[in-house]
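Chemist: coords below, sequence missing:
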């Protein structure tokens, strides 16, 4: 039996658990008496990635970059506008809800807010046991036993099954959410900011739990978060999103040591380091705000804030290309081979204005 | 290094300005107790907290939700809702006066004028039906007695100071027309328009994206250098503390458990809670260096105790790896464990590895 890392690096890669290709989700904006469509929010605008069995793909980006929509669309909780999603090689994009249902057992989600994602009128035991009933997996005593086992596994006590969500702390509620996601032994769990609402000391407990569970059940995670340090800690590979597109996708070590997209570079430099003596990366302060996804800038979406922007960035959309083995970047800076550290090419200066 | 420079600057400021009584300290919180009297019992949200703030310095107050860091700040401005909250003891000294003894009218001339505050969520602290220029000029008119037109000019000038582009036209916009980062800049402009001596910032960058957070923290540093404002920075983010504060107060369950300079605190925490907090933060870059292997984070076991039902003795003892019977019986006093480094723990020696 090969280790997971060896499996990943081996020539004949195993079949990915999840393959996403050219995924788009555009929300129409409707106005007026006849609800005419006057425009679109380009929430997810053509993203492609895969997740191997037992792997964590981290997805980072700032608010409004489409990372949450991406996660929900992958699970078909939102219908995609275009693109394909394959689970174990089987396309699930066109499936109707009935044919989707058995596949839902394979794909679960953990939400950010443990307060609003649990029904306050159901006991914790019923919340965790509900998926077992819906999918006819276990009933009666067997169900009780499985729920009790799940409670123990996520660090809750079985006698707490009769308690209601309000009787638990934030961290415990997130554990209930995790137990519910685990109930059907899924292979993929989408975590949508699963630790962002928790206190620092509780956050560490939940991150450790998620990592243990992954090793134990060979789970795959799509881990969506805005906190780069958390994502880096838990992920094998990381996708950086900006305005609906993936701008960089690579393993976490390369991302940290050799960021090849100017946005990634700026993100890394902006994270405050919890060490007053640390030598800080040269801080690149991005000016301005993220543009609206309704009217994304032409060309490279990032050119309005990019310190290295060139003329062509304003008109030509850079494709996500493989710059180095396993390192995908969408940036014109690397058109003639990888460039690190990043700098504006000498003969491609800006227009004089 | 930068701290020395800052202190030097503060010292220069001191000599150039008339020194009144205590040379450096601008605010002194002394044994503050703020309790909430609820139907279910008394919550000791702040239970004997003391710290002081010197001119031009940034004091970081760090702790998890419910530790009393925000209630302490609200108590300084006497903004705790009464009922159910009440300040039941202690003193808050500002320029020789005890703020707790002032009348509500006197307090109003201090709020937003000498001491001002910015909050976490700028949208809820701005009035949605007034233009931002109007809102900034309101306090200028109130505290400095300028005419409407002059106040508006000053407001525009403040918006320029916080680097809002096209300030004159932005001043006529409403909060919903601005982005989150812009709104926080407006809040800062509003807080600083009367040139306060103390700015209390309660999680000023928590609701913002990381690139915007960097902008806002940089802005606060820049303005502090320019205006010499003392800042009380309340946050749960150790990274923000490390990059902004010169001195740090760590709070747990309504009490101060540790206080030190930022360098000392991070280099050698003297309280197990601080040590645990520092160990439980994922650090950028460290994980990547571990040969692709993902190591677990160190955890603090258990959870923050309910303030309704605090444990006997040291409130951290039930979660502490160093706890002994003594800790469960008697609450440890705050002691100077190392030069200018205070902690409330019976076992700092063991924590630092000085014995055994």
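Modeler: Sure, I can see it. Predicted model, so just to flag it, every value in this text is computed and none were measured.

Chemist: C-alpha from now on. contacts and neighbour counts both.
Modeler: Noted.

Chemist: Return the residues of the stretch 101-250 of chain B in contact with chain A.
Modeler: Contact residues of the stretch 101-250 of chain B with respect to chain A, defined by Cα under 8 Å from any Cα of the partner chain, are listed as B:179, B:181, B:209-215, B:236, B:238-243.

Chemist: what are the ranges of the helices in the stretch 151-300 of chain B?
Modeler: Applying DSSP state H, counting those that start in this stretch to the stretch 151-300 of chain B gives helices spanning B:167-170, B:180-192, B:210-227, B:238-244, B:262-267, B:272-279, B:286-289.

Chemist: Give me the packing partners of the fourth one, helices and strands only.
Modeler: Other helices and strands packing on helix B:238-244, by 3 or more Cα pairs under 8 Å, 6 or more residues apart in numbering or on different chains; DSSP states H and E, are strand B:58-62.

Chemist: Over to the longest one?
Modeler: Under the contact definition 3+ Cα pairs under 8 Å, 6+ apart, helix B:210-227 sits against helix A:262-270, helix B:180-192.

Chemist: Most tightly packed of those?
Modeler: Among the helices and strands packed on helix B:210-227, ranked by average contacts under mean count of other Cα atoms under 10 Å in any protein chain shown, first place goes to helix B:180-192 (a mean of 25).

Chemist: which residues sit against that one?
Modeler: Defining contact as Cα atoms under 8 Å, 6 or more residues apart in numbering or on different chains, one finds that helix B:180-192 is touched by A:289, B:112, B:116-118, B:122-123, B:126, B:132, B:135-136, B:139, B:155, B:158-159, B:161-164, B:175, B:199, B:204, B:208, B:212-213, B:216.

Chemist: Same check on stretch A:215-226?
Modeler: In this structure, residues lying in contact with stretch A:215-226 by Cα under 8 Å, 6+ apart are A:17, A:51-63, A:67-68, A:71, A:186-194, A:196, A:213-214, A:231, A:235, B:209.

Chemist: In strands only, show me those.
Modeler: Restricting the contacts of stretch A:215-226 to those inside strands, with DSSP state E as the criterion, leaves A:51, A:56, A:57, A:58, A:59, A:60, A:188, A:189, A:190, A:191, A:192.

Chemist: Share the number of residues neighbouring the last one, please.
Modeler: Neighbouring residues of residue A:192 were enumerated by other Cα atoms under 10 Å in any protein chain shown; the total is 23.

Chemist: ok, it touching residue A:108?
Modeler: No. Distance between residue A:192 and residue A:108: 10.8 Å, which falls outside the contact criterion (Cα atoms under 8 Å).

Chemist: one step back: and which of the residues of the stretch 101-250 of chain B next to chain A is nearest to chain A?
Modeler: Using Cα to the nearest Cα, residue B:239 is the member of those that lies nearest chain A, at 3.7 Å.

Chemist: sorry, back to before: if any of the contacts of helix B:180-192 are buried, put those into a PyMOL selection.
Modeler: With 16 or more other Cα atoms under 10 Å in any protein chain shown as the criterion, this PyMOL line picks the buried residues out of those:
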select buried, chain B and resi 112+116+117+118+122+123+126+132+135+136+139+155+158+159+161+162+164+175+199+204+208+212+213+216
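
Chemist: Take the contacts of helix B:180-192 and keep only those in strands.
Modeler: Counting by DSSP E, the members of those that fall within strands are B:116, B:117, B:118, B:199.

Chemist: Tell me how far the last one lies from residue B:261.
Modeler: When Cα to Cα, to the nearest Å is applied, the distance between residue B:199 and residue B:261 equals 19 Å.

Chemist: can you check the third one too?
Modeler: Look at residue B:118 and residue B:261: by Cα to Cα, they are 24 Å apart.

Chemist: What of the second one?
Modeler: Distance of residue B:117 to residue B:261, computed by Cα to Cα: 23 Å.

Chemist: Okay, now the unreliable bits of the chain?
Modeler: Unless you meant another one, I'm taking chain A. A:1-13, A:279-282, A:344-353 (pLDDT under 70).

Chemist: To clarify, I was referring to chain B.
Modeler: In chain B the weaker segments, taking pLDDT under 70 as the threshold, are B:1-23, B:287-294, B:354-356.

Chemist: What is the end-to-end distance of stretch B:62-81?
Modeler: The first and last residues of stretch B:62-81 sit 22 Å apart, counting by Cα to Cα.

Chemist: Name the residues that touch it?
Modeler: A:199-200, B:29, B:32, B:34, B:45-46, B:49, B:61, B:86-87, B:92, B:99-100, B:107, B:111, B:115, B:200, B:202, B:234-238, B:241, B:248-255.

Chemist: re the thing from before, can you redo the helices and strands packed on helix B:210-227 as JSON lines with distance to residue A:154?
Modeler: What follows is these, written out as JSON lines (distance: least, Cα to Cα, whole Å):
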{"stretch": "helix A:262-270", "distance to residue A:154": "32"}
{"stretch": "helix B:180-192", "distance to residue A:154": "36"}
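
Chemist: Would you mind telling me which of the ones you listed is nearest residue A:125?
Modeler: If you check each of the helices and strands packed on helix B:210-227 against residue A:125 by Cα to Cα, helix B:180-192 wins as the nearest, at 39.6 Å.

Chemist: and the angle for that closest one with helix B:210-227?
Modeler: Counting by axes from the mean of the first three to the mean of the last three Cα atoms, to 10 degrees, helix B:180-192 lies at 20 degrees to helix B:210-227.

Chemist: Name the nearest residue to residue B:237, sequence neighbours excluded.
Modeler: Spatial nearest neighbour of residue B:237, excluding adjacent residues (Cα to Cα, 6 or more residues apart in numbering or on different chains): residue B:62 at 7.4 Å.

Chemist: State the number of residues packed around that neighbour.
Modeler: When neighbours are counted by other Cα under 10 Å, residue B:62 registers 26.
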